[in-house]
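[1] What would the 3D arrangement of this be:
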Amino acid sequence: MTWRSSIEAVLENALIGTYEITDLHSIGIPGVEVAGREFHLLDLHEMIGIERNMTCFMFRHNSKAETDYGHMVTGVLFNKVYMNEQTNELANSNSAYNDLAVLRIDCRDPALTVQQRKTLKYKGVAIKDLFKISYATFNRQPLRHPTGKKIVPNIVLVEADFSKLDAQKLLVNYLVMKHNGGTALIDYEKEDLVGTMLGMRNNTIDSRILETFGFTVKSASENVNIQLASLNAKAARNALTKEELEAKASYEFVKRVAALGAVCAEFERARLGDRSLTLDSDAAKRILANAIGFNPSVILHGKKQVFWDLQSYLHIVMRHIDAYQVGNFKGKTVLPYELTDLKDLIEKVLDSIREELALHFATNSGEFVRSGRMAVLFNGDYFILRIDPNGRLSQFYSP
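    Numbers count the residues shown, from 1 in each chain. As a prediction, this is how the structure comes out:
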């Protein structure tokens, strides 16, 4: 974390407006207070937008912003300012992205409702209603791998010994608890639950349990994921018989074939013109290996869960992780993160808009989309995402 002279940080770039600037170091606060008769968005971008400074925004007395949100809100500037790199002038000044009259604030103040915070973030208030700001002046650079790719921040690894835990019993209790609490399990969780219960109970299960999770005796016996979960649960307790080992190998082969089919479908979408793509390249082999080892999972927990499946995974990885781009996917934008960090990244980005997601799915039956000026800002990058009505993540990239 790097601290800079507060006044120097504000005056480093020429400002459009005239402001009264107070260095708060004199009272023991490493920050700046700025008051002005008229604030300009480009000045706010220079002062607090580039470094994403946490800021107190104070509104003018009797202004609409004060009426709607109170005298002061704390958050970060959400406006995206697009500049022409050649002329260093404002680009598309007439577009909604560079509306200089609107101030948008990403506020996490629990005193405001989720709808108020959403409106303040995306619709904003008139910038003329702003009277004063105060903020801490420091710059936290993102951590990076030796490759130069960013490290997902705020990940804490905890070492623990689970060798004495019954993993299958823990899984069953956890999924049953979620279900009883009103959470709609994703299909993979239902299959894992039913299969694990079968494996723990010598292939016996109450038909009412099967019915609760959408299965019959026949459909459960034909479901590859259920049968594999059952055999894995058995194997954790006792050695499998020769017949069970052969059945397990057969089910695993079916899953590999399904993964191969999904990869081939993406390769068909990625091909250039009439040129077909083959699976004999190093990138293709890595993609196939990852697809075979992939399992669907929940990436945001809650009453309405968000999850990704193999189709989601391949769609994101083959288009936006540089080492896995093939064919016409090579022209797409690259995520500045390693593949091993991708799930952590998605979880963090989704968690930052958890309340917006909950509000959307509680009041709306359509898909959830964040793009354009509503793109999600995380760790210095904007992310575009799309979530299907059933909670499946279908798109995720950085523009």
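[2] Could you pull out the helices in the chain for me?
    6-11, 41-44, 64-69, 114-122, 167-180, 187-200, 207-212, 217-222, 224-235, 242-270, 282-293, 310-320, 342-352, 354-363 (DSSP state H).
[3] where does the stretch 251-399 of the chain have low pLDDT?
    The model of the stretch 251-399 of the chain has pLDDT under 70 over residues 272-280.
[4] what's near enough to touch the nearest residue to L210 once chain neighbours are set aside?
    Using C-beta to C-beta, 6 or more residues apart in numbering and skipping the chain neighbours, the partner closest in space to L210 is A220 (5.8 Å). Every residue, glycine included, has its C-beta placed from N, CA and C. Each residue near A220 by C-beta atoms under 8 Å, 6 or more residues apart in numbering is listed here: 194, 198, 205, 210, 226.
[5] Next one: A220 from T183, what distance?
    Distance of A220 to T183, computed by C-beta to C-beta, to the nearest Å: 21 Å.
[6] and what of F329?
    As judged by C-beta to C-beta, F329 and T183 stand 35 Å apart.
[7] ok, these two, which is more surrounded?
    Neighbours per residue (other C-beta atoms under 10 Å) separate F329 from T183, with F329 holding more: 21 against 17.
[8] For that one, give its distance to R271.
    From F329 to R271 the distance is 10 Å (C-beta to C-beta).
[9] repeat for G302
    G302 is 39 Å from R271, where distance means C-beta to C-beta.
[10] Measure how buried I29 is and give me the count.
    Around I29 there are 13 residues (other C-beta under 10 Å).
[11] List the residues that contact it.
    By C-beta under 8 Å, 6+ apart, the contact list for I29 reads A136.
[12] so what's the spatially closest residue to N232 that is not a sequence neighbour scoring on pLDDT?
    Computed as C-beta to C-beta, 6+ apart, the closest residue to N232 that is not its neighbour in sequence is G199, at 6.8 Å. Note on G199: pLDDT of 96.
[13] got it, and L24?
    On pLDDT, L24 comes in at 82.
[14] Surely it and C56 touch.
    No: using C-beta atoms under 8 Å, L24 makes no contact with C56, being 11.2 Å away.
[15] Can you check which residues contact both of the two?
    S134.
[16] Hmm, L385 is touching V376, no?
    Yes: under the criterion of C-beta under 8 Å, L385 makes contact with V376 at 6.7 Å.
[17] From D309, how far out is I186?
    8 Å.
[18] Now for the two: what residues contact both?
    Joint contacts of I186 and D309 (C-beta under 8 Å, 6+ apart) are P296.
[19] how many neighbours does the nearest residue to L350 once chain neighbours are set aside have?
    Nearest in space to L350, with sequence neighbours left out and distances taken as C-beta to C-beta, 6+ apart, is L300 at 4.3 Å. Neighbour count of L300, defined by other C-beta under 10 Å: 21.
[20] Who is L300 paired with across the strands?
    Beta-bridge pairing for L300 (DSSP bridges): V306.
[21] which outside residues touch stretch 281-300?
    Contacts of stretch 281-300 (C-beta under 8 Å, 6+ apart): 186-189, 255-256, 259-260, 262-263, 267, 277-279, 305-310, 313-314, 317-318, 323-326, 339, 343, 346-347, 350-351, 354, 357, 393.
[22] Kindly give a single ChimeraX line that selects the buried subset of those residues.
    Here is the ChimeraX selection string for the buried members of the contacts of stretch 281-300, based on 16 or more other C-beta atoms under 10 Å:
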select :186,187,188,189,255,259,262,263,267,277,305,306,307,308,309,310,313,314,317,318,324,325,326,339,346,347,350,357,393
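[23] list the contacts for the closest residue to A358 other than its chain neighbours?
    Nearest non-adjacent residue to A358, counting by C-beta to C-beta, 6+ apart: G302, 6.1 Å away. Each residue near G302 by C-beta under 8 Å, 6+ apart is listed here: 183, 354, 357-358.
[24] A184 versus G302, what's the distance?
    From G302 over to A184 (counting by C-beta to C-beta), the distance is 10 Å.
[25] Need the per-residue pLDDT for Q141.
    For Q141, the predicted pLDDT is 78.
[26] same thing with G148?
    92.
[27] Same check on the one 5 residues further on?
    In the predicted model, P153 carries a pLDDT score of 92.
[28] ok, now which ones touch it?
    By C-beta under 8 Å, 6+ apart, the contact set of P153 is 142-143, 348, 379.
[29] out of these, which is most surrounded?
    N379 (20 neighbours).
[30] is it true that it touches L143?
    No: assessed by C-beta under 8 Å, N379 is found out of contact with L143, at 9.5 Å.
[31] Now do the shared contacts for the two.
    150, 153.
[32] Any idea how many residues pack against G199?
    The tally of other residues near G199 (other C-beta under 10 Å) stands at 22.
[33] tell me the contacts of it?
    168, 229-234, 236-237.
[34] One more pass at 6 Å, please.
    Applying C-beta atoms under 6 Å, 6 or more residues apart in numbering to G199 gives the contacts 230, 233-234.
[35] Let me know the closest of the residues you listed to V125.
    Distance to V125, by C-beta to C-beta, is smallest for A233 among the contacts of G199, at 55.7 Å.
[36] burial count for that closest one?
    Residues lying near A233 (other C-beta under 10 Å) number 22.
[37] excluding its backbone neighbours, what's nearest it?
    Per C-beta to C-beta, 6+ apart, closest to A233 is G199, 2.7 Å.
[38] how near is that neighbour to L185?
    Per C-beta to C-beta, G199 is found 18 Å from L185.
[39] same thing with K118?
    Distance, K118 to L185, by C-beta to C-beta: 28 Å.
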